[in-house]
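Peer 1: next one to model:
(one chain, ligands or ions: 3)
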Amino acid sequence: MLTMAMRSGGLRGTAVRWLLSQRLRGGGGGHHRFASTLLTAQQKPYTHIQRGNFNQVEGEDLAVFERILTSSGVITDHADVDRYNQDWMGKFRGQSTVVLRPKSTEEVAAVLRHCHQRRLAVSTQGGNTGLVGGSVPLFDEIILSTELMNDIISLDDVSRILTCQAGCVLEQLNTYLEPHDLMMPLDLGAKGSCHIGGNVATNAGGLRFLRYGSLHGTVLGLEAVLADGTVLNTLSGLRKDNTGYDLKQLFIGSEGTLGVVTGVAIEAVQRPAATNVAFLACNSYEQLQHTFQAAKHHLGEILSAFEFLDEGSMDCTTANLGLSSPLQTPAPFYILIETHGSVQEHDFAKLEGFLETVMSDELVVDGTVAQDAGQASALWGIRERITEALQHDGTVYKYDVSLPLPVLYSLVNEMRSRVASVATRCVGYGHVGDGNLHLNITSSEPNEELFGLIEPFVYEFTAKHRGSISAEHGLGVMKPHHIHYSKPAEAIHLMKQIKALMDPHGILNPYKTIV
Ligand code: FAD
Ligand code: MLT
Ligand code: ZN
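Peer 2: Ligands and ions are numbered 1, 2, ... in the order given. Down below sits the predicted model:
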């Protein structure tokens, strides 16, 4: 029944690294001097942003940085700085002239003490895979990269707490945990490049949020350096701790605006002894929702992912990346289901029960179950590589919303009719299990008419249905001015007060998140 041969070739993890290096190589130089206007065509919607009242980096500042970090930790060569100025999407380009690469918390603290005193703005950068323009400067902010802060500090494999520096790459942490039969509680397509500090700073959700939950739960302790250089060490590995306010939560999702995360204590999870991956097709969004209900019912605690992509997303991966659908006949919706459990026969029996139900109820019209790890990885490759595939269209307008499941796909349908005559593609995919839709509209080049059709409609629709305009990617530079669609004025006011208290000169990632 569900054993169709696999035809697609997949690449997990490595794909994002590849694309990143391509982008960085093709970054294009020439924009090294600070200019008062923003530079890429796609940055146009953000040209109203004015440079803040910060000082510019001078020779004496560089001398201080070189004393703190030694000269290898300070990059000023234009060609070398260039790649840190450009974001993964090629959408945002900063004009920084200096990248600082500390190796320790003490070095971060000394750098920030100086920047605080001198009113120098700082943009912290992890793996630079963020999708809302938060990881690159807008003007001449100093780039503080965590790429040399990649030491694993300890693993307590009884209580399963991993403690590491913020610059550890997610995929490398997984590789480290593998011999201990453990894995990280989060997984995302950018795993080969993103840093755990960046994951924490964006409160990344990812592909298995449904099962392993939010970083607000799995991060047990954090170390962060505040704007004035104060080191806040709450790097405890305690599961329970009710002594006052849980300050680490403030940094989770703060996008580099409240402090620089330097260390993370995170709860690793058991590596599953049994994994199953199925790729299914549905003829309608209605059927997809019923299939989700059936998956919750039949698979219960072993369900580790319930992801979806629409036909347009599948077409994009086949057209732009040369992948092939694992199913014979095209369908309007595809689902990727994964189970993580401990006994293969039990899990497979549950999966079979689920598949029999959804097939006999005609919720699912076609499907395939991976027979080995290679096939599972190929199926995951289709889902994970949509982001990369879309980039090949040229310009991507990306939205990341939470919506109640019954209306989640209506947004794609409504948007598609609005933009039909202008856009190359309007597609939806995402984490159905978490009510998180990724709506992406593409065109060959930036198009103001198209942008006007998308915004503010996308935000108004989301607000009307009491959704969130940022489910997991954050606000970055793209969305601070739209936060009111999802948060009441009182909440925004309190956020601004917290920001002013923790970063009185506003030097940390200015123009982002809370403005
Ligand atoms: P960066 O991009 O470098 O920075 C992101 C933000 O965090 C910036 O505001 C930056 O200033 C801040 N920051 C970084 N490090 C620190 C630090 N140490 N201290 C303080 N602030 C810091 N996101 C999801 O949530 N779910 C997904 O499924 C997902 N899939 C993706 C797939 C692809 C192919 C790509 C390209 C991106 C994806 N993302 C996803 C977005 C992105 O990968 C995540 O937001 C990731 O957590 C960013 O980590 P990073 O190290 O690259 O951070
Ligand atoms: C995903 O789920 O694939 C990521 O969040 C990236 C994206 O939205 O494109
Ligand atoms: Zn996502």
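
Peer 1: OK, contacts around M149?
Peer 2: Counting by C-beta atoms under 8 Å, 6 or more residues apart in numbering, M149 touches P102, K103, S104, V108, Q165, A166, G167, C168, G197, T262. Placement of C-beta: from N, CA and C, glycine included.

Peer 1: distance-wise, check it relative to ligand 1.
Peer 2: 8 Å (C-beta to the nearest ligand atom, to the nearest Å).

Peer 1: now, which of the contacts of M149 sits nearest Y285?
Peer 2: Nearest to Y285, judged by C-beta to C-beta, of the contacts of M149 is G197 at 36.9 Å.

Peer 1: quick one: list the elements packing against the host helix or strand of the closest one.
Peer 2: Element membership for G197 (DSSP states H and E) is helix 196-202. Here helix 196-202 touches helix 170-177, strand 260-267, going by 3 or more C-beta pairs under 8 Å, 6 or more residues apart in numbering; DSSP states H and E.

Peer 1: show me the one of those that comes nearest ligand 2.
Peer 2: helix 170-177 (13.4 Å; C-beta to the nearest ligand atom).

Peer 1: circling back: quick one: the helix holding G197 near ligand 1?
Peer 2: Yes - residues of helix 196-202 contacting ligand 1 under C-beta under 6 Å from any ligand atom: G197, G198, N199, A201, T202.

Peer 1: list the contacts for the fourth one?
Peer 2: Translated: A201. T124, G126, F251, I252, G253, S254, E255, G256, V261.

Peer 1: and the helix holding G197, does that touch ligand 2?
Peer 2: No - if you take C-beta under 6 Å from any ligand atom as the test, helix 196-202 misses ligand 2, and the best it gets is 10.2 Å.

Peer 1: now that helix: average pLDDT?
Peer 2: Mean pLDDT, helix 196-202: 98.

Peer 1: quick check: next helix or strand after it?
Peer 2: Counting by DSSP H and E, the element after helix 196-202 in chain order, helix or strand, is helix 209-212.

Peer 1: now that next one - C-alpha only, PDB.
Peer 2: Below are the C-alpha coordinates for helix 209-212, written out as PDB (Å, rounded to 0.1, in the frame of the first residue of the first chain):
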ATOM      1  CA  PHE A 209       8.600  21.800  18.400                       C
ATOM      2  CA  LEU A 210       5.400  19.800  18.500                       C
ATOM      3  CA  ARG A 211       7.200  17.000  20.400                       C
ATOM      4  CA  TYR A 212      10.100  18.600  22.300                       C
END
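
Peer 1: neighbouring contacts of it?
Peer 2: Under C-beta under 8 Å, 6+ apart, the answer for helix 209-212 is 185-186, 218, 269, 303-306, 340, 431, 433-434, 436, 472.

Peer 1: does G229 really touch A110, like I thought?
Peer 2: Yes - G229 lies in contact with A110 (C-beta atoms under 8 Å); the separation is 6.8 Å.

Peer 1: now do the strands in the stretch 301-450 of the chain.
Peer 2: 303-310, 333-341, 366-369, 395-402, 425-431, 436-443 (DSSP state E, counting those that start in this stretch).

Peer 1: which one of the ones you listed lies nearest to ligand 2?
Peer 2: Taking C-beta to the nearest ligand atom, strand 436-443 is the member of those nearest to ligand 2, at 3.8 Å.

Peer 1: who touches that closest one?
Peer 2: 205, 209, 386, 390, 393-403, 408-409, 411-412, 415, 419, 422-430, 450, 454, 458, 471-472.

Peer 1: can it be found next to ligand 1?
Peer 2: No - figure legend: strand 436-443 not in contact with ligand 1 (C-beta under 6 Å from any ligand atom); closest approach 8.5 Å.

Peer 1: how big is the angle separating that strand from strand 425-431?
Peer 2: Using axes from the mean of the first three to the mean of the last three C-alpha atoms, to 10 degrees, one finds that strand 436-443 and strand 425-431 are set 160 degrees apart in direction.

Peer 1: show the pLDDT at the residue of the stretch 301-450 of the chain found nearest ligand 1.
Peer 2: Residue nearest to ligand 1 within the stretch 301-450 of the chain: T387 (3.9 Å; C-beta to the nearest ligand atom). In this model, T387 is scored at 98, pLDDT.

Peer 1: any idea how far it is from ligand 2?
Peer 2: In terms of C-beta to the nearest ligand atom, T387 sits 3 Å off from ligand 2.

Peer 1: what's near enough to touch that residue?
Peer 2: For T387, the contact set (C-beta under 8 Å, 6+ apart) comprises L131, G189.

Peer 1: what about 7 Å?
Peer 2: By C-beta atoms under 7 Å, 6 or more residues apart in numbering, the contact set of T387 is G189.

Peer 1: how about the residues of the chain by ligand 2?
Peer 2: So the chain meets ligand 2 at G189, I386, T387, D400, G430, H438 (C-beta under 6 Å from any ligand atom).

Peer 1: any weak-confidence spans in the stretch 1-150 of the chain?
Peer 2: 1-41, 43-44 (pLDDT under 70).

Peer 1: just give me the neighbour total for the closest residue in space to L351 that isn't next to it in sequence.
Peer 2: Closest residue to L351 apart from its sequence neighbours, by C-beta to C-beta, 6 or more residues apart in numbering: N276 at 5.2 Å. For N276, the count of nearby residues is 22 (other C-beta atoms under 10 Å).

Peer 1: please apply the same query to the one 5 residues further on.
Peer 2: Neighbours of A281 under the rule other C-beta under 10 Å: 24.

Peer 1: what's the answer for D61, then?
Peer 2: Residues within reach of D61, counting by other C-beta under 10 Å, total 17.

Peer 1: which element follows the helix or strand hosting it toward the C-terminus?
Peer 2: Assigned by DSSP H and E, D61 belongs to helix 59-69. Using DSSP H and E, the next helix or strand after helix 59-69 towards the C-terminus is strand 74-75.

Peer 1: appreciated, that's everything.
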